[in-house]
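Student: sequence below, structure please.
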Amino acid sequence: MREAIRFPLTVLQYALKGISYLHSLISRKDYDVDPNRLEGEELVKELERVKKQSNDFKKVKEIDKNEEKGKLQSFRYVVKNAMGENVKGIFDAVDMTAVRVFLTNEGYEIVSITPRGKFDIDLSFGSGKIRTADLSFALIQLSTYIKAGIPLIDSMRILAKQTTNANLKRIYDKVIYELVIGQPFSVALEKQGTAFPSILINMVKTSEMTGDLAGTLDEMADYFTDTEKTRKEMMSALIYPAVIFTLCVGAVFFLVMFVVPQFIDMFSSQGAELPAITKFVIAASSFLQSYWWAIILGVAVTIFVVRWLYKNIKAARKAMQVFIMKLPAFGNTIIYGQVSTITRTFASLLNHGVFITDSMEILTNLTNNEIYKEILSRTLIGLSKGAKLSETFKGEWAFPVVAYEMIVTGESTGQLALMMQKVSEHFGNLHHNSVTVIKSLIEPVVIIFLAVAVGFILMSIILPMFDLYGQI
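Tutor: Numbering: from 1, shown residues only. Here you go, the predicted model:
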């Protein structure tokens with residue numbers, strides 16, 4: 001019983017040592033060229049100070065003012081569509097009259113409208129954010145409808161009526177409501193909180209000034225398609241080896257738990273002298289049989305703690321990301337993917353006339369990698385002080401020298417957006433090749449690991465059997 005209690009404590013001890021190692025790794029400054037480079041809380045404070053003092057960041061959102069003037073209420077409704085079928089949903093508006101007018105104008109026959117109470121919970125699954133695949137498909141449809149001469153508001157109505165996803169329908173209905181009351185499309189999208197990415201909202205704002213909404217929607221559809229492809233490749237690069245390794249560990253676990261014990265009884269009955277390798281495997285088998293639950297519990301607790309730290313503690317998340325980005329092969333895959341995404345987004349924003357400061361702020365919110373968030377934040381601070389874009393990226397260990405030199409070339413030739421696109425394509429190809437290499441290498445590595453582990457177990461069984469035959 002004492003050993004069972006000691007085992008989780010041992011696991012926790014090693015976990016704390018691992019966290020300490022990650023902290024020491026992130027605290028190192030050997031990858032920094034500039035010893036005065038801002039990081040962590042100092043960087044956050046400096047960025048806030050710059051935003052308050054700089055005219056580029058003193059824009060007050062009219063949407064926030066409108067929200068303060070009239071807070072929206074949530075209502076549940078039941079209506080009949082043109083087919084006579086009952087349709088249920090949730091809608092947010094200033095009052096019940098606004099909901100009734102909106103539903104009537106949409107061609108529905110109202111059955112009931114009731115305010116939602118405090119304990120009325122929306123049980124529909126999914127977050128308020130639209131999935132990238134759904135967003136890309138919706139943009140393609142919307143562009144097609146607009147090119148066919150269908151007004152924007154009617155195009156949105158088609159999207160809302162054809163979707164079977166309750167979350168999507170609710171978002172589309174709210175966009176239609178904003179368009180009906182006269183809001184621009186960009187404002188209607190922005191009022192949906194995090195449902196639509198900030199890059200799409202800014203692109204739509206620009207297209208409203210140029211009058212090329214359909215073309216912008218097509219470009220955004222291609223952009224989100226490429227982004228989703230890159231994300232899936234990165235997830236594949238990380239998940240595939242983890243799954244294969246787990247299966248191998250499971251196979252070894254099965255051998256030690258269920259196969260080895262069958263030979264232990266035979267060796268005990270014969271009274272044979274066992275070699276050290278066999279004693280080790282028998283001890284491991286006995287330990288697993290007695291404390292398998294403690295091992296599973298320890299692994300589960302470790303995974304839970306690591307996930308919690310990653311999601312809730314910024315310093316821990318940054319430490320883990322730095323650790324992974326320093327690993328051979330895997331680190332380059334992440335760096336290539338991040339640089340490709342950032343430069344592709346930056347190129348799209350510049351091509352549509354979005355200010356550089358606005359573009360950098362969009363990019364900061366685009367990535368969830370703390371290293372690149374800090375790089376982009378330092379870039380914002382540098383730009384606010386009159387520095388060139390290339391100067392703000394100089395010396396960043398997570399921003400490859402090749403990308404930096406191409407940005408310098410783009411600035412000197414006045415073709416920054418084009419050069420950013422070239423950087424994105426180059427590192428996109430490197431990312432794809434890196435994922436392919438990892439997939440091709442992981443199988444032989446796993447086979448070797450499995451062969452060594454199984455061979456070790458077989459040797460522990462075969463050697464005593466030779467001794468037994470020698471005694472005969």
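Student: quick one: the closest residue in space to residue 132 that isn't next to it in sequence from residue 72, how far?
Tutor: By the measure of C-beta to C-beta, 6 or more residues apart in numbering, the closest residue to residue 132 outside its immediate chain neighbours is residue 228, 4.5 Å from it. C-beta here means a position set from N, CA and C on the backbone, and glycine is covered the same way. When C-beta to C-beta, to the nearest Å is the yardstick, residue 228 and residue 72 sit 31 Å from each other.
Student: pLDDT score assigned to the residue nearest in space to the middle of the chain?
Tutor: In the chain, the C-alpha closest to the average C-alpha coordinate belongs to residue 368, at a distance of 6.4 Å (C-alpha atoms, centre = their mean). Residue 368 carries a pLDDT value of 82.
Student: thinking again about what came up before, mean confidence score for the helix or strand that contains the residue nearest to residue 132?
Tutor: Remark: residue 228 resides in helix 213-254, with elements defined by DSSP states H and E. Confidence for helix 213-254, expressed as mean pLDDT, is 80.
Student: how about stretch 457-472?
Tutor: Mean predicted confidence for stretch 457-472 is 71.
Student: report all helices and strands that whichever helix in the chain runs longest contacts.
Tutor: Criterion DSSP state H: the longest helix present in the chain is helix 416-471. Helix 416-471 is packed against helix 213-254, helix 260-270, helix 276-312, helix 330-351, helix 401-413, with contacts defined by 3 or more C-beta pairs under 8 Å, 6 or more residues apart in numbering; DSSP states H and E.
Student: now do that helix: distance to the chain's middle.
Tutor: Using C-alpha atoms, centre = their mean, to the nearest Å, we find the averaged C-alpha position of helix 416-471 to lie 25 Å away from the chain's own average C-alpha position.
Student: lowest mean pLDDT among the helices and strands of this protein, which one is it?
Tutor: The helix or strand of the chain with the poorest confidence is helix 62-69; it has a mean of 43 (mean pLDDT, DSSP states H and E).
Student: which residues sit against whichever helix or strand comes after it?
Tutor: Counting by DSSP H and E, the element after helix 62-69 in chain order, helix or strand, is strand 73-80. Outside of strand 73-80, the residues within contact range by C-beta atoms under 8 Å, 6 or more residues apart in numbering are 86-96, 99, 103, 108-116, 120.
Student: change it to 10 Å
Tutor: Applying C-beta atoms under 10 Å, 6 or more residues apart in numbering, the contact partners of strand 73-80 are 85-96, 98-100, 102-104, 106-117, 120, 122.
Student: next: stretch 437-452.
Tutor: For stretch 437-452, contacts defined as C-beta under 10 Å, 6+ apart pick out 233, 236-238, 240-245, 247-249, 251-252, 329-330, 332-333.
Student: list the helices and strands the helix holding residue 228 packs on?
Tutor: helix 132-147, helix 198-210, helix 276-312, helix 330-351, helix 416-471 (3 or more C-beta pairs under 10 Å, 6 or more residues apart in numbering; DSSP states H and E).
Student: what about stretch 158-167, start to end distance?
Tutor: Distance across stretch 158-167, first residue to last, is 16 Å (C-alpha to C-alpha, to the nearest Å).
Student: quick one: mean pLDDT for it?
Tutor: Averaged over stretch 158-167, pLDDT sits at 84.
Student: residues in contact with that stretch?
Tutor: Outside of stretch 158-167, the residues that reach it under the criterion C-beta under 10 Å, 6+ apart are 81-82, 87-90, 106-107, 122-131, 134, 137-138, 141-142, 145, 150, 168-176, 195.
Student: which of those residues are buried?
Tutor: Neighbour counting with 16 or more other C-beta atoms under 10 Å marks 87, 89-90, 106, 130, 138, 141-142, 145, 168-176, 195 as buried within these.
Student: so which of those residues are in helices?
Tutor: With DSSP H as the criterion, helices contain 138, 141-142, 145, 168-176 from among these.
Student: what's the farthest-apart pair in the residues you listed?
Tutor: With C-beta to C-beta as the measure, no two of these lie farther apart than 145 and 170, at 20.4 Å.
Student: hmm, back to that, hey, which of the helices and strands packed on helix 416-471 is tucked in deepest?
Tutor: Ranked by average neighbour count under the criterion mean count of other C-beta atoms under 10 Å, the helices and strands packed on helix 416-471 are headed by helix 330-351 at a mean of 22.
Student: other SSEs contacting it?
Tutor: Counting contacts by 3+ C-beta pairs under 10 Å, 6+ apart, the secondary-structure elements packed against helix 330-351 are helix 198-210, helix 213-254, helix 314-325, helix 356-366, helix 370-384, helix 401-413, helix 416-471.
Student: which one of those helices lies nearest to residue 283?
Tutor: helix 416-471 (10.6 Å).
Student: next up, the contacts around residue 222.
Tutor: Each residue near residue 222 by C-beta under 10 Å, 6+ apart is listed here: 136, 139-140, 348.
Student: quick one: which of those is the most crowded by neighbours?
Tutor: Neighbour counts for the contacts of residue 222, by other C-beta atoms under 10 Å, peak at residue 348, which reaches 23 neighbours.
Student: so what's that one up against?
Tutor: Applying C-beta under 10 Å, 6+ apart, one finds that residue 348 lies in contact with 199, 202-203, 216, 219-220, 222-223, 354, 359, 417, 420-421, 424.
Student: of those residues, which is the nearest to residue 276?
Tutor: Proximity of the contacts of residue 348 to residue 276, judged by C-beta to C-beta, is greatest for residue 424, which lies at 56.5 Å.
Student: ok, the closest one touching residue 350?
Tutor: No. Counting by C-beta atoms under 10 Å, no contact exists between residue 424 and residue 350, whose distance comes to 11.9 Å.
Student: shared neighbours of these two, anything?
Tutor: When C-beta under 10 Å, 6+ apart defines a contact, no residue borders residue 424 and residue 350 alike.
Student: and the contacts of strand 73-80, which are buried?
Tutor: Among the contacts of strand 73-80, those classed as buried by 16+ other C-beta under 10 Å are 87, 89-93, 98-99, 102-103, 106, 108, 113.
Student: output these as CSV; include the columns pLDDT.
Tutor: Output for the buried ones among the contacts of strand 73-80, formatted as CSV (pLDDT from 0 to 100):
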residue, pLDDT
87, 79
89, 78
90, 80
91, 79
92, 78
93, 77
98, 81
99, 81
102, 81
103, 81
106, 77
108, 82
113, 84
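Student: most widely separated two among those?
Tutor: 87 and 98 (18.3 Å).
Student: neighbours of residue 163, how many?
Tutor: Other residues within reach of residue 163, judged by other C-beta under 10 Å, total 16.
Student: same check on the one 3 residues further on?
Tutor: A count of nearby residues for residue 166, using other C-beta under 10 Å, gives 16.
Student: what angle do the longest helix of the chain and helix 356-366 make?
Tutor: Here the directions of helix 416-471 and helix 356-366 differ by 20 degrees (axes from the mean of the first three to the mean of the last three C-alpha atoms, to 10 degrees).
Student: residue contacts, the closest residue to residue 253 other than its chain neighbours?
Tutor: The shortest distance from residue 253 to any residue other than its chain neighbours is 7.1 Å, reached at residue 288 (C-beta to C-beta, 6+ apart). By C-beta under 10 Å, 6+ apart, the contact list for residue 288 reads 253, 256-258, 260-261, 294-295.
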